[in-house]
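Asker: With the sequence up front, the predicted model follows.
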Amino acid sequence: MSGASILTFNAGSSTVKLGFYAVADDRPRPLARAVIDFRDDPFEVRLTLDGRHLAQRLPDAGAGDMTAVLDAALGWLGGHVDLSDLAAIGHRVVHGGDLFTGPARIDEASLARIGQLSRLAPLHQPQSLRLIAAARTLFPGLLQTASFDTAFHASQDPLARRLAIPRALHDAGIRRYGFHGLSYRHIAGALHDLPPDARVVAAHLGSGASLCAMQGGVSRDSSMGFSTLDGIPMATRCGALDPGVVLHLLGPMGWSLERVERTLYHESGLLGVSGIDADSRELLDSDRPEAAEAIALFCLRIAGEAARLAATMGGIDALVFTAGIGEHQPRIRAAVCERLAWLGLDLDPAANAANARRISTVASRIAALVIPPDEEQVIAEEALDLLARRGAS
């Protein structure tokens, strides 16, 4: 298998992250990373390779045609990264439902099942399907795999996944699934400085945000449930919301379903509370009281959810911060840890300010860690595992 390479795609709503890996010693070793950014027109491709940062705008590729976009982006990237020995392409797919509890080979049957789940993730799944279709067009015959954000949480006890709704609705698939599973799987494999059975709450804090309770490397509970709206407030998403609010908006206020969806997904969270910005960095730099209120609410809900997840496990031994906010914003970490001091968490201010891996003091009963996420590495590992299985069959 050595000498081959793996390409990964991590599709978001406005960007696609790419990872390039060489297979060495039966492991994918990172070579380069890239981002296709659709937020500007023409779109931009950025590449990080050997410590260098390169960027290129591609005005001639139609942004509405994913195959043309991918062809143009890989055409430029191929001038810097060798794509001639690709053995597999791995894709992140947000929703696997109960149909996929681990990575899967992409073929007509699995594609049909992924498509069926689009109704459960209408804002995310279609983008992944467009990207998969484009990659299959450009690389016919090459093994392509899907890694699912929900799969890590399949280990949860059925009780943790239940909603208190009629059994017929539960049986129809309306249940708690959990998300950000690729990030949490990476965290689970990076806890080498903790006992194997440590009770860990990991907080994936980015524009999308959630928390996960894990023990022994497996998910026990999570803040996100049926959809990516649930749990703590996010950049533009509301987090946990009394369903009576939705009924009120649809009923007495006469809102359309489309307006409710737009408000809860794109106009709420930090943006909605502050009325200023969805970016926590901008809010931390602002002296307006609305900005401070949005940050305070964010931290309050994170701490409250961490305590709830600790209850699921019967205690907590470590709190892990990850993703953009969790990795780079000491003030938010400090505010969360201060609210959890009653559990025995004692923050080391100097270590926290330096974004060190361990930011708790020696005397702290709970370890507080900062671990960067690496979803692309997990996708590459799962693609390599399926590639090896195909070779062994």
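Answerer: Alright, I've got the coordinates.

Asker: how close does Asp346 sit to Met313?
Answerer: 20 Å (Cβ to Cβ, to the nearest Å). Where C-beta positions appear, they are placed from N, C-alpha and C, glycine not excepted.

Asker: quick one: the residue of the chain positioned farthest from its centre and Met66, what's the gap?
Answerer: The centre of the chain is farthest from one residue, Pro252, which by Cα atoms, centre = their mean lies 35.5 Å away. Pro252 is 41 Å from Met66, where distance means Cβ to Cβ.

Asker: before we move on, back to that, which one's more surrounded, Asp346 and Met313?
Answerer: More crowded of Asp346 and Met313, by other Cβ atoms under 10 Å: Met313, with 17 against 14.

Asker: Just to check, the more buried one is in contact with Val218?
Answerer: No: assessed by Cβ atoms under 8 Å, Met313 is found out of contact with Val218, at 11.2 Å.

Asker: Same question for Val378, what's its three-state structure.
Answerer: Secondary structure, DSSP: H, G, I helix; E, B strand; the rest coil: Val378 is helix.

Asker: pLDDT score for it?
Answerer: Per-residue pLDDT puts Val378 at 94.

Asker: Relative to Val260, how far out is the residue farthest from the centre of the chain?
Answerer: Taking Cβ to Cβ, one finds Pro252 at 13 Å from Val260.

Asker: and stretch 136-155, how far from the chain's centre?
Answerer: 15 Å (Cα atoms, centre = their mean, to the nearest Å).

Asker: Dump that stretch to CSV, restricted to CA.
Answerer: Backbone C-alpha positions of stretch 136-155 (Å, rounded to 0.1, in the frame of the first residue of the first chain) are rendered in CSV as follows:
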residue,chain,number,x,y,z
ARG,A,136,-17.0,10.2,-9.2
THR,A,137,-17.2,11.9,-12.6
LEU,A,138,-13.6,13.1,-12.5
PHE,A,139,-12.2,9.9,-11.0
PRO,A,140,-14.3,7.0,-12.4
GLY,A,141,-13.3,3.6,-11.1
LEU,A,142,-11.4,5.0,-8.1
LEU,A,143,-12.5,3.8,-4.6
GLN,A,144,-14.5,6.5,-2.9
THR,A,145,-15.7,6.3,0.7
ALA,A,146,-18.0,8.1,3.1
SER,A,147,-17.3,8.9,6.7
PHE,A,148,-20.4,9.9,8.7
ASP,A,149,-20.6,12.6,11.4
THR,A,150,-23.4,10.6,13.2
ALA,A,151,-21.6,7.2,13.2
PHE,A,152,-19.4,7.9,16.3
HIS,A,153,-22.6,8.4,18.4
ALA,A,154,-24.1,5.0,17.4
SER,A,155,-22.6,3.6,20.6
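
Asker: Go through it and flag the buried ones.
Answerer: For stretch 136-155, a neighbour-count test (16 or more other Cβ atoms under 10 Å) marks 136, 139, 143-154 as buried.

Asker: which residues touch Tyr177?
Answerer: 95, 97, 120, 150, 153, 161, 224-226 (Cβ atoms under 8 Å, 6 or more residues apart in numbering).

Asker: change it to 7 Å
Answerer: 97, 150, 153, 225-226 (Cβ atoms under 7 Å, 6 or more residues apart in numbering).

Asker: Could you work out the most separated pair of those residues?
Answerer: Greatest spatial distance in these: Gly97 and Gly225, 13.3 Å, computed using Cβ to Cβ.

Asker: still on that earlier bit, against Asp242, how distant is the residue farthest from the centre of the chain?
Answerer: Counting by Cβ to Cβ, the separation of Pro252 from Asp242 is 15 Å.

Asker: Run through who's touching the lengthiest helix in the chain.
Answerer: Of all the segments of type helix in the chain, defined by DSSP state H, the longest one is helix 289-313. Contacts to helix 289-313, defined as Cβ under 7 Å, 6+ apart, come from residues 160, 199, 201, 203, 211, 213, 215, 220-221, 223, 231-233, 239, 270, 273-276, 280, 283-284, 316, 319, 332, 335-336, 339-340.
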